[in-house]
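Colleague: sequence and predicted structure are below.
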There are 2 protein chains.
Amino acid sequence: MTTSNTHAPGAGDVDPAVREELARLRDSIDNIDAAVVHMLAERFKATQQVGHLKARHQLPPADQAREARQIARLRTLAESAKLDPAFAEKFLNFIIAEVIRHHERIAEDTAAPPRD
Amino acid sequence: MTTSNTHAPGAGDVDPAVREELARLRDSIDNIDAAVVHMLAERFKATQQVGHLKARHQLPPADQAREARQIARLRTLAESAKLDPAFAEKFLNFIIAEVIRHHERIAEDTAAPPRD
């Protein structure tokens, strides 16, 4: 089978230089995503430890004063990095919602009677 | 004013060793968050460039084939990092939704007649 020289319609109909530039940017995006996924894996390792600590010592899963400090700090960091602070706040809330779900699960498992 | 030695009720009533361990874990979480915010700032710089490139060459803001590849790749990376793949997918969708909003805004600005 030989490769056809005819162009596919629509998105296929793109200048090779543009396609190359798009590929270059997407490679960077993919590298960043891999880094972020690994950072988030490490973050959840830490929050799982926090969850176990809280469950063992009957501390509440959510801590609103801590969350308010985290949000204020991330908004400041976002501004200096030229990232929309509102997006940084939405992002942290997205992560914290997941963390609280994990902590509630840990608290339930810790409080549950041993299973046979 | 002197610092009171009496304990506040509730969360204040915690063993100092536990409090120290919690502070240690939270410092790590804060470091990771700072790293992630800076990675995301860099990611949006790249996607803004993609947005301008797409707008200049009339490419559609969303690219479902690309997104499907990104999701499959991130799920695999998440698994090897012991991060819930379902969460990694939710996370990518959260980021992509923001990127598409940016791209649509760029496309609108590019298509708009010059303002005086």
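Modeller: Arrived safely.
Colleague: separation between the residue most central in space within chain A and chain B?
Modeller: Residue closest to the average C-alpha location in chain A (C-alpha atoms, centre = their mean): A:Leu40, at 5.8 Å. As judged by C-beta to the nearest C-beta, to the nearest Å, A:Leu40 and chain B stand 6 Å apart. Every residue, glycine included, has its C-beta placed from N, CA and C.
Colleague: for that residue, which non-adjacent residue is spatially closest?
Modeller: In this structure, A:Leu40 finds its nearest non-sequential neighbour in B:Leu83, 6.0 Å apart by C-beta to C-beta, 6 or more residues apart in numbering or on different chains.
Colleague: touching, that neighbour and A:Ala34? I think so.
Modeller: No. Here B:Leu83 does not reach A:Ala34: they are 11.6 Å apart, not a contact under C-beta atoms under 8 Å.
Colleague: in contact with the residue nearest to A:Leu40, which residues?
Modeller: A:37, A:40-41, A:44 (C-beta atoms under 8 Å, 6 or more residues apart in numbering or on different chains).
Colleague: top of those residues by neighbour count?
Modeller: With neighbours taken as other C-beta atoms under 10 Å in any protein chain shown, the top of these is A:Val37, carrying 24 neighbours.
Colleague: how about that one, nearest residue that isn't a chain neighbour?
Modeller: Leaving aside its chain neighbours, A:Val37 sits nearest to B:Leu77 (5.0 Å; criterion: C-beta to C-beta, 6+ apart).
Colleague: report how many residues lie close to the one you found.
Modeller: By other C-beta under 10 Å, neighbour count at B:Leu77 equals 20.
Colleague: now do A:Ala35
Modeller: Residues contacting A:Ala35 under the criterion other C-beta under 10 Å number 16.
Colleague: cool, and A:Glu79?
Modeller: 12.
Colleague: if I look at the closest residue to it other than its chain neighbours, how far off is B:Pro60?
Modeller: Spatially, and ignoring its direct neighbours in sequence, A:Glu79 is nearest to A:Pro85 (5.4 Å; C-beta to C-beta, 6+ apart). Going from A:Pro85 to B:Pro60 by C-beta to C-beta, to the nearest Å gives 29 Å.
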